[in-house]
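Asks: what would the 3D arrangement of this be:
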Amino acid sequence: MPDVFLQPLPEGGWHVELNSDTLPRVLANETFYAKICDGAHTSQDKAYLTERWQQANWLVKALRQRAETILKVASEIIKQQDKFFVYGVQYLKPLVLRDIAKEVEMHESTVSRVTQNKYIATPRGMFELKYFFSAALATTGGEGAVSTVAVRERIKELIDAEGIKEILSDDRLSQILHREGIDIARRTVAKYRESMKLPSSAQRRREKRDR
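Replies: Next up is the predicted model:
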């Protein structure tokens with residue numbers, strides 16, 4: 001169940017909205033509060049009711065602020081990762097909590113909390129908000145950086161496109177990525193490949209040969 005919906009606008013840009021079905025529904029009934037206050041006979045009763053009414057309103061306000069924070073953080077992530085939503089995962093850029101926290105003027109811990117287990121439905125599928133945060137890898141030209149998530153996806157694409165006569169070793173994958181402008185060592189390629197549970201080149205060669 002997504003917490004946020006993202007839809008493209010006809011004139012360009014994006015429309016972002018919260019999924020009301022996932023928001024807690026809490027109302028403070030002022031009419032009922034006034035009615036029971038009329039029946040309160042002692043100062044202790046009145047003080048008790050006043051305290052509970054203040055707590056109820058605090059909860060309503062806190063939930064509203066929480067929803068606004070989720071929307072604000074999600075909107076900033078979409079702004080930062082606009083090219084991903086237009087062109088795909090290869091355009092996902094490096095992003096850390098601090099980047100978003102600075103733009104929305106919140107503490108990093110707040111951004112971390114509101115993105116945990118929160119999902120966004122987009123034209124490219126459903127993603128956890130945490131997905132859009134990733135470390136950076138340097139480019140071979142020394143200018144700019146590329147997201148480690150995008151690099152992992154590129155490694156997977158290259159492996160998925162292998163032919164039976166051309167199985168790519170980790171060293172070969174590293175060379176291809178270098179040609180594409182990504183400064184990555186063979187051991188890092190191996191680490192990323194293993195994190196995606198993709199078998200080694202020797203295992204893939206055996207699997208293709210045995211089919």
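Asks: quick one, strands of the protein?
Replies: 4-8, 14-18, 119-122, 125-128, 136-138, 145-147 (DSSP state E).
Asks: using CSV, write down the CA coordinates of the third one.
Replies: Looking back up the chat, that one is strand 119-122. C-alpha atoms of strand 119-122 as CSV (Å, rounded to 0.1, in the frame of the first residue of the first chain):
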residue,chain,number,x,y,z
TYR,A,119,6.4,3.7,-0.2
ILE,A,120,5.6,5.8,-3.2
ALA,A,121,3.7,4.7,-6.3
THR,A,122,5.2,6.2,-9.5
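Asks: per-domain residue ranges of this structure.
Replies: 4-132, 136-210 (automatic domain parsing).
Asks: could those be laid out in TSV, adding mean pLDDT and mean neighbour count?
Replies: Backbone N, C-alpha and C define where each C-beta goes, glycine included. Shown next, in TSV, are those (pLDDT from 0 to 100; neighbours: other CB atoms under 10 Å):
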stretch	mean pLDDT	mean neighbour count
domain 4-132	93	14
domain 136-210	91	15
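Asks: for residue 211, which of the strands of the chain is the nearest?
Replies: Nearest of the strands of the chain to residue 211, taken as CB to CB: strand 125-128 at 29.1 Å.
Asks: neighbouring strands of that closest one in the sheet, and parallel or not?
Replies: Looking at strand 125-128 with DSSP bridges, its partner strands are strand 119-122 (antiparallel).
Asks: centre of the chain to the strand it pairs with, how far?
Replies: In terms of CA atoms, centre = their mean, to the nearest Å, the centre of strand 119-122 is found 9 Å from the chain centre.
Asks: got it, and stretch 176-185?
Replies: With CA atoms, centre = their mean, you get 26 Å for stretch 176-185.
Asks: residues touching it, excluding its own?
Replies: Defining contact as CB atoms under 8 Å, 6 or more residues apart in numbering, one finds that stretch 176-185 is touched by 137-141, 146, 151, 154-155, 158, 168, 174, 189.
Asks: again, only this time at 7 Å
Replies: 137-141, 146, 151, 154, 158, 174 (CB atoms under 7 Å, 6 or more residues apart in numbering).
Asks: can you lay out those residues as TSV showing distance to residue 197?
Replies: TSV is the format used below for the contacts of stretch 176-185 (distance: CB to CB, whole Å):
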residue	distance to residue 197
137	21
138	26
139	27
140	28
141	32
146	22
151	16
154	17
158	16
174	19
